[in-house]
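**Q** Provide a 3D model corresponding to the input given below.
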Amino acid sequence: MTSKSEPPARILVIEDDPGIAALVAYQLTRAGYRVETAGGGDGGLESVHREIPDLVVLDRMLPGLSGDQVLKAIRQDPATRYVPVLVLTARREEADRIEGLELGADDYLTKPFSPKELVLRVEAILRRIGGFAGLADHEGGVLRAGKLALDRGSMRVTLGGEDVPLTPTEYRLLRVLVENRGRMQKRADLLEAAWEAEGRTRDGVRTRTVDMHIRRLRTKLGHAGEWIETVRGFGYRFRGPEPAG
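**A** Model (predicted):
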C-alpha cells in the first residue's frame, strides 16, 4: 500500500476482458493506487509511453499486440526497461510461467486469482523496486571481476566498458553473488536478498523463480554468464576472475 506522505503509485492494467480489468482496477484503487486500464496491446503500449507507470499488470493473451510483444517492447526500450511487470494470465502450465519470466516479467499470477493475493503481489513488487534506489551504498565502491564492474553508487553494471541493462531484480542477484565471490548462495538466501522473501514461498515467490532470473542474467552477461556456477541441488556461486588490470 502506498504511503500517505507520497503520491499514489500509478498502475497500468492491460487486460482485454472488461470484467477482469474492472475487478483488478477496483482492488488496486481500493488499496490506494492510481489505476489506468487499456483493453489491448497497442493501446496499452501507447499508455506506457504516454506516462510511464510505476507498474504494469499485463495479460499475455491480448488482441493486436500480444502481451508477450508488449513485454518485449517494454524491456527493449531504455525508457521503460526498469518498469516492473506482473503478468496476469489463464496460462497455468509451468512452461508458460517460465516463458513469461524469461521474457522479463517480475512476477506471474494465474487466473482465476485471489484479489487479496493480487494486491499483495503488487505491494511486494513495488516494495522491492522502491528499495532499488536504496541499494546505492552511501560509501559507493565498485565491485569488479575481470572486465565486469558493478558500481554500487550508481547501480550501473558494465562489461568491457559497455552497459549491461539489468532489471532491479537482476542487479540484486548479481550483486549478492559477486559480493560473496566463491561462496555458494542457497536459492532461499537469494530469494531473501533479491525478493525480500523468506523460505520457499512468500508473496507467491518461489525458488524456481530464482533459476529463471539467473538464466536471464547469464544471457545478458554473455561470456561472463559462465562465471555464475550452478551448485546442483543447492544454489549458485560466482567464480569470476580477479579484477582486470
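
**Q** and stretch 142-157, which residues are buried?
**A** 143, 144, 145, 147, 148, 149, 150, 151, 152, 155, 157 (16 or more other C-beta atoms under 10 Å). To be clear about C-beta, it is placed using only N, CA and C from the backbone, and glycine gets the same treatment.

**Q** could you do stretch 167-187 as well?
**A** In terms of neighbour count (16+ other C-beta under 10 Å), stretch 167-187 has its buried residues at 167-178, 185, 187.

**Q** how about stretch 26-39?
**A** Within stretch 26-39, the residues that count as buried by 16+ other C-beta under 10 Å are 27, 28, 31, 33, 35, 37, 38, 39.

**Q** gap between that stretch and the chain center?
**A** Centre-to-centre, stretch 26-39 and its host chain are 20 Å apart (C-alpha atoms, centre = their mean, to the nearest Å).

**Q** could you pull up phi and psi at residue 57?
**A** Backbone torsions for residue 57, taken as degrees, to the nearest 10, come to phi -100, psi 120.

**Q** now the closest residue to it other than its chain neighbours: phi and psi?
**A** Take residue 57 and drop its neighbours on the chain: the residue closest to it by C-beta to C-beta, 6 or more residues apart in numbering is residue 13, 4.6 Å away. Backbone dihedrals for residue 13, given as degrees, to the nearest 10, come out at phi -100, psi 120.

**Q** follow-up on the earlier one: need the worst-confidence member of the buried residues of stretch 167-187.
**A** Note: of the buried residues of stretch 167-187, the lowest pLDDT belongs to residue 168, at 74.

**Q** and the gap between that residue and residue 74?
**A** Computed as C-beta to C-beta, to the nearest Å, the residue 168 to residue 74 distance reads 14 Å.

**Q** for residue 149, same thing?
**A** Separation of residue 149 from residue 74 (C-beta to C-beta) stands at 26 Å.

**Q** just the helices in this structure please.
**A** Counting by DSSP state H, the segments of the chain that form helices are 18-30, 41-50, 67-76, 94-103, 115-130, 168-179, 187-195, 207-221.

**Q** and among those, the most buried is which?
**A** Greatest average neighbour count among the helices of the chain goes to helix 168-179 (a mean of 21), per mean count of other C-beta atoms under 10 Å.

**Q** helix or strand with the lowest mean pLDDT in the chain?
**A** Among the secondary structure pieces of the chain, namely its helices and strands, helix 94-103 has the lowest mean (mean pLDDT, DSSP states H and E), a mean of 71.

**Q** could you list the low-confidence segments of the protein?
**A** Low-confidence regions of the chain, defined here as pLDDT under 70, cover residues 1-6, 92-97, 129-140, 195-207, 243-245.

**Q** can you list the domains in it?
**A** As recorded under automatic domain parsing, the domains making up the chain are 10-130, 134-238.

**Q** dump the helices of the chain to TSV, plus distance to residue 56.
**A** Formatted as TSV, the entries for the helices of the chain read as follows, by distance: least, C-beta to C-beta, whole Å:
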stretch	distance to residue 56
helix 18-30	12
helix 41-50	7
helix 67-76	7
helix 94-103	13
helix 115-130	10
helix 168-179	15
helix 187-195	18
helix 207-221	18
